[in-house]
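coordinates only, no sequence provided:
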Ligand code: PMP
């Protein structure tokens with residue numbers, strides 16, 4: 001089992017992977033990323049991740065089409081690493097040039113990837129439920145683009161981690177809840193599953209999409225309509241979704257109890273159906 005890196009066509013041990021100082025990803029965060037999970041060494045929905053990345057590249061004007069290249073990279077990293085439970089991190093930057101804000105045309109994008117083993121989150125977190133803390137959402141206006149320019153997420157996630165929480169609950173000035181720093185957020189409000197609609201305000205999570213499919217399998221409807229902090233305080237259930245945690249129940253926000261204060265039946269049902277989807281598509285969970 002080896003953790004490996006890929007840089008512009010070459011595979012190597014992670015410690016040897018380097019990018020130039022004047023890479024625009026390094027200097028400006030002029031750069032996009034994805035994280036794809038491997039179950040039993042098989043990528044889950046890599047095509048969806050890469051299509052999201054390509055859509056982001058089209059928005060920010062990276063002149064490249066890298067879906068085929070990155071699909072191959074994911075496959076090679078998965079097989080050469082021999083890792084079962086792992087993550088492939090992918091990053092594409094606009095390229096290297098002398099430092100100037102305006103992006104020159106015709107740069108050759110830098111393409112990097114790493115594969116690392118993943119220790120699953122402890123089972124007790126799912127049995128007891130996670131905690132979350134509210135944070136004002138001060139991110140930019142194109143959160144659908146998965147850019148590496150992540151300072152607002154990093155500051156909020158760091159504050160939350162110091163308090164022992166799993167993730168933040170981001171809210172906007174009008175008190176509308178958007179998502180977490182690394183996750184999408186769902187609530188059960190008056191018996192109905194709710195989550196913020198996709199668009200520029202949130203990332204269209206791959207797990208979010210699979211969770212909505214899972215709900216369909218369970219005969220449950222998801223209303224993709226934003227809810228506010230006030231709605232959240234009265235929610236019966238709350239849960240985060242992302243590539244790491246899958247479907248993770250949240251039982252306190254800012255130390256206030258949500259619902260019964262224990263993981264609820266909807267999150268549990270959706271997690272089971274989500275796992276079935278993963279098993280069907282990868283042969284593992
Ligand atoms: N929202 C944000 C802001 C994220 O960073 C992530 C993690 N990439 C997600 C949602 C969840 O996305 P996914 O299910 O594709 O991991």
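Arrived safely, thanks for sending. Quick caveat: nothing in here was measured; it's all calculated off a predicted structure.

contact residues of the stretch 151-285 of the chain facing the ligand?
Applying Cβ under 6 Å from any ligand atom, one finds that the stretch 151-285 of the chain approaches the ligand through 179, 182-184, 203, 205-208, 241-243. Glycine gets a C-beta too; all of them are placed from N, C-alpha and C.

nearest to residue 77 among those residues?
For these, the minimum distance to residue 77 (Cβ to Cβ) is 15.8 Å, reached by residue 243.

now the residue lying closest to the closest one once chain neighbours are set aside: which helix or strand?
Nearest non-adjacent residue to residue 243, counting by Cβ to Cβ, 6 or more residues apart in numbering: residue 37, 4.9 Å away. In this structure, residue 37 sits in strand 31-39 according to DSSP states H and E.

which residues does the residue in the stretch 1-150 of the chain that the ligand sits nearest to contact?
Nearest residue of the stretch 1-150 of the chain to the ligand: residue 35, at 5.9 Å (Cβ to the nearest ligand atom). Each residue near residue 35 by Cβ atoms under 8 Å, 6 or more residues apart in numbering is listed here: 49, 87-90, 243-244.

bridged to it, which residues?
On the basis of DSSP bridges, residue 35 is bridged to residue 89.

tell me the spacing between it and residue 192.
From residue 35 across to residue 192, the span is 30 Å (Cβ to Cβ, to the nearest Å).

same question, residue 170
On the measure of Cβ to Cβ, residue 170 and residue 192 end up 21 Å apart.

and for residue 30?
Residue 30 is 41 Å from residue 192, by Cβ to Cβ.

neighbour count winner among the two?
Comparing residue 30 with residue 192 by other Cβ atoms under 10 Å, the one with more neighbours is residue 30, at 21 against 15.

so the more buried one touches residue 92, yeah?
No: using Cβ atoms under 8 Å, residue 30 makes no contact with residue 92, being 10.2 Å away.

where in the protein is pLDDT low?
For the chain, applying pLDDT under 70 flags no range at all.

helices along that one, start to end?
24-28, 46-60, 67-81, 123-128, 151-162, 206-217, 229-233, 265-282 (DSSP state H).

and the longest one, how far out from the chain middle?
By that I understand helix 265-282. Computed by Cα atoms, centre = their mean, to the nearest Å, the chain-centroid distance of helix 265-282 equals 17 Å.

and the contacts of that helix?
With contact meaning Cβ under 8 Å, 6+ apart, helix 265-282 is reached by 39-40, 42-45, 126, 188, 193, 207, 210-211, 213-215, 217-218, 220, 236-237, 239, 246-249, 284-285.

identify the residues contacting residue 140.
For residue 140, the contacting residues are residue 149, by Cβ under 8 Å, 6+ apart.

now swap in residue 105 and tell me
Residue 105 neighbours (Cβ under 8 Å, 6+ apart): residue 63.

quick one, the strand holding residue 37 and helix 67-81 angle?
50 degrees (axes from the mean of the first three to the mean of the last three Cα atoms, to 10 degrees).

so how far is strand 31-39 off the chain centroid?
The answer for strand 31-39 is 8 Å, by Cα atoms, centre = their mean.

could you do stretch 25-38 as well?
For stretch 25-38, the distance to the chain centre is 12 Å (Cα atoms, centre = their mean).

surely residue 61 meets residue 106?
No: using Cβ under 8 Å, residue 61 is not in contact with residue 106; the gap is 11.3 Å.

next up, the contacts around residue 46.
Applying Cβ under 8 Å, 6+ apart, we find residue 46 in contact with 36, 71, 74, 88.

nearest to residue 231, of those residues?
Distances from residue 231 to the contacts of residue 46, taken by Cβ to Cβ, are shortest for residue 36, at 32.6 Å.

can you tell me, leaving aside adjacent residues, what's nearest to residue 110?
residue 93 (4.4 Å).

cool, residue 251 as well?
Nearest non-adjacent residue to residue 251 (Cβ to Cβ, 6+ apart): residue 129, at 3.3 Å.

right, I'll call it a day here.
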